[in-house]
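>>> My questions are about this predicted structure, shown below with the sequence.
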Amino acid sequence: MQVCIFQLNICRLPFFLALLLALPQLTEKKAHAESARSTNFLVSGGDRELVIRVAKAAEDYRKSIAVAWLGKPLPNWLRPCPIKLRLTGGEAGGVTSFTFDEGRVTSQEMTLEGSPERILFSALPHEVTHTIFAWHFGAPMPRWADEGACMLSEDSRELARQDGIVKNLMEGQKHLPLKTLFSMEEYPKDLLGFYGQGYSVSRFLIEIGGRERFLSFVGEGAQNRWDEAVRKHYKLNNTNELDRAWRSWHRVVAEQREPGESDGKATLIAMPGNRPRAVSTITPIIRGQSGEEPLRR
Ligand SMILES: [Zn+2]
């Protein structure tokens, strides 16, 4: 029997809003008619300059993030991933949904929210990283690792925000035992704390062992073998020992850094000075009324 799996990644949005965004056909107003198509993405919802810029940046991130995590770019997808933009002028947010079947992604779509800058340097690299992990695992990745590792693709401003959240979490003793964090399949009520702890634990594991080991660890642990995976990949006896090691690292290493500081190991792409620029190789599309075929320029 074939089992089709649906996964929704909700990234920093209030839950009710995220649900609305997941149903764009009910809520979307056609504020912008412009779209841009690149090889692997179809971007809509902004003015012409922005949709082209986002499409180009999405391709750049897709390539560089895949090389960083997997050692090589992904093959082109059979269908472009739709990206819908919602320009709020505020902070970054995003939702990406996937359908998996027989160990492969069979559909995916993305909604990004915020100002153009926050979309380009925070929401977009985060959500593109979700697509890399979905392609790699062909199944939902454990939530803490999926969200935590995607944060590492974002710019220093978002890293600083996460560092502040983790600091408060640890000072208030509100962090979860890793055994609990690892086994969580759904988002908890304290979304900010959940993202923050996932970010911190992912950063710790990648700093001490690299990205390839992190993915192997997460893939094996997800089979409900977290203690075994800890022994195999990090040479510690169990998840409780890893928990103590992570808290020590937080005190001795992470707390001593400036908020938002990159370490050159775990953090990745969207840093100031490394910003993707638009080029004219993307095909702009003008959409007509809803339901019409797009018209290429
Ligand atoms: Zn996310």
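Cool, got the structure.
>>> What are the neighbouring residues in contact with Lys265?
206-207, 210 (CB atoms under 8 Å, 6 or more residues apart in numbering). Any C-beta I mention is one placed from the backbone N, CA and C, and that applies to glycine too.
>>> Could you chop the protein up by domain?
Per the record, the chain has its domains at 4-141+277-292, 147-256, by automatic domain parsing.
>>> now those in CSV, with mean neighbour count, distance to the ion and mean pLDDT?
Shown next, in CSV, are those (neighbours: other CB atoms under 10 Å; distance: least, CB to the ion, whole Å; pLDDT from 0 to 100):
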stretch, mean neighbour count, distance to the ion, mean pLDDT
domain 4-141+277-292, 18, 3, 83
domain 147-256, 18, 5, 94
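>>> Which parts of the stretch 101-250 of the chain are strands?
Using DSSP state E, counting those that start in this stretch, the strands of the stretch 101-250 of the chain run over residues 104-114.
>>> quick one: which of the contacts of Lys265 sit in helices?
Counting by DSSP state H, the contacts of Lys265 place 206-207, 210 in helices.
>>> of these, closest to Leu176?
Checking the ones in helices among the contacts of Lys265 against Leu176 by CB to CB gives Ile206 as the nearest, at 19.4 Å.
>>> Pretty sure that closest one sits against Met151.
No: with contact defined as CB atoms under 8 Å, Ile206 and Met151 do not form a contacting pair (11.4 Å).
>>> Which parts of the stretch 151-297 of the chain are helices?
Using DSSP state H, counting those that start in this stretch, the helices of the stretch 151-297 of the chain run over residues 156-171, 178-183, 191-221, 226-234, 239-252.
>>> Could you check the angle the last one makes with helix 156-171?
Counting by axes from the mean of the first three to the mean of the last three CA atoms, to 10 degrees, helix 239-252 lies at 120 degrees to helix 156-171.
>>> hmm, who's touching helix 239-252?
Under CB under 8 Å, 6+ apart, the answer for helix 239-252 is 166, 170, 177-179, 182, 200-201, 204, 207-208, 226-227, 230, 234, 236.
>>> picking that back up, mind checking the domains of the chain for the one nearest to Asp263?
Nearest of the domains of the chain to Asp263, taken as CB to CB: domain 147-256 at 6.1 Å.
>>> If you count contacts, what does the helix or strand where Ala66 lies end up packed against?
Assessed by DSSP states H and E, Ala66 sits inside helix 48-70. Contact analysis of helix 48-70 by 3 or more CB pairs under 8 Å, 6 or more residues apart in numbering; DSSP states H and E lists strand 34-37, strand 41-46, strand 81-87, helix 124-137, helix 191-221, strand 283-286 as its packing neighbours.
>>> Distance check, Lys265 against the ion.
21 Å (CB to the ion, to the nearest Å).
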